[in-house]
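Asker: Show me how the following folds:
(one chain, ligands or ions: 1)
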Amino acid sequence: MSTQTPLVIGLTGGIGSGKTVVSDLFAKIGVTIIDTDLISREIVKPQQPAWQQIVEHFSETILLPDKTLNRRLLRDKIFADSNERAWLESLLHPMIRCEMQRQIQQALSPYVIAVIPLLTETAPNPLINRVLVVDAPEELQVARTMARDQADREAINAIIAHQTPRPIRLTYADDVIENNGDLAQLQSAVENLHQKYLQISTNDR
Ligand code: ATP
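Answerer: Got it, this is the predicted structure:
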């Protein structure tokens, strides 16, 4: 095992673009996956440090009867007030990075994939060495998400309208997976990138 810190690939993409399928394919070939959505849900669980500070800041009215965060109310508050949004991000982002750092240090693979759905919506993350964007035509994003979540088209379009537009997201990319084909094509795109990342992690740093 190398003693060098692994290369960190930030994986992002719009709703239903295929981030989960892609990260599952990397996981299957033995690459460590860091799930920042999961981390952000863990650190706001009752009695965790972020939970305590959020309750102090917004009062106990931000909790549901079972003491878990009322995520919908919190979302509404930060949507309505950019100062509250900035406050919450300045609380959560360092904690998420700290946990990412811990997982990066424990990783056994020469590179890791950090899944960061909001990578292009938030401040740059200094832990990320390269950005991989999973891109799919909007119509496919909608169709796949409708099939997966039994959600209606309008709700998905509204989410897409709130996310970074595809052409702008692509400007962040060092690598792109065009997820407009079948799963076999996706698998071969992942295998090609795997070879590239192995090479970069051993030679180019
Ligand atoms: P979200 O942002 O909503 O979490 P995501 O980017 O993680 O979405 P996935 O859940 O990976 O997207 O993919 C959306 C749906 O489309 C899933 O049901 C997945 O199985 C399916 N899917 C993704 N890519 C393909 C593909 N190339 N062929 C067939 N189905 C696919």
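Asker: Tell me the residues of this protein that contact the ligand?
Answerer: By the rule C-beta under 6 Å from any ligand atom, the part of the chain lying against the ligand is 13, 15-21, 117, 144-145, 148, 179, 182-183, 186. Glycine gets a C-beta too; all of them are placed from N, C-alpha and C.
Asker: Now list the buried members of these.
Answerer: Taking 16 or more other C-beta atoms under 10 Å as the criterion, what is buried in the residues of the chain next to the ligand is 13, 15-21, 117, 144-145, 179, 186.
Asker: Contacts for the longest helix along the chain, please.
Answerer: The longest helix of the chain (DSSP state H) is helix 82-106. Residues outside helix 82-106 that contact it (C-beta atoms under 8 Å, 6 or more residues apart in numbering): 5-6, 8, 32, 34, 36, 39-40, 42-44, 49-50, 53-54, 57, 74, 77-79, 112, 114, 122-123, 125-127.
Asker: Write a ChimeraX command that selects only the buried members of these.
Answerer: Here is the ChimeraX command that picks out the buried ones among the contacts of helix 82-106, judged by 16+ other C-beta under 10 Å:
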select :6,8,32,34,36,39,40,43,44,50,53,54,74,78,112,114,125,127
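Asker: Of the contacts of helix 82-106, which belong to helices?
Answerer: In helices, defined here by DSSP H, the members of the contacts of helix 82-106 are 36, 39-40, 42, 49-50, 53-54, 57, 74, 77-79.
Asker: want to throw these into CSV with pLDDT?
Answerer: CSV is the format used below for those (pLDDT from 0 to 100):
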residue, pLDDT
Thr36, 96
Ile39, 96
Ser40, 94
Glu42, 95
Pro49, 88
Ala50, 95
Gln53, 96
Ile54, 97
His57, 97
Leu74, 95
Lys77, 94
Ile78, 92
Phe79, 86
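Asker: Could you identify the most distant pair in those?
Answerer: Pro49 and Phe79 (24.0 Å; C-beta to C-beta).
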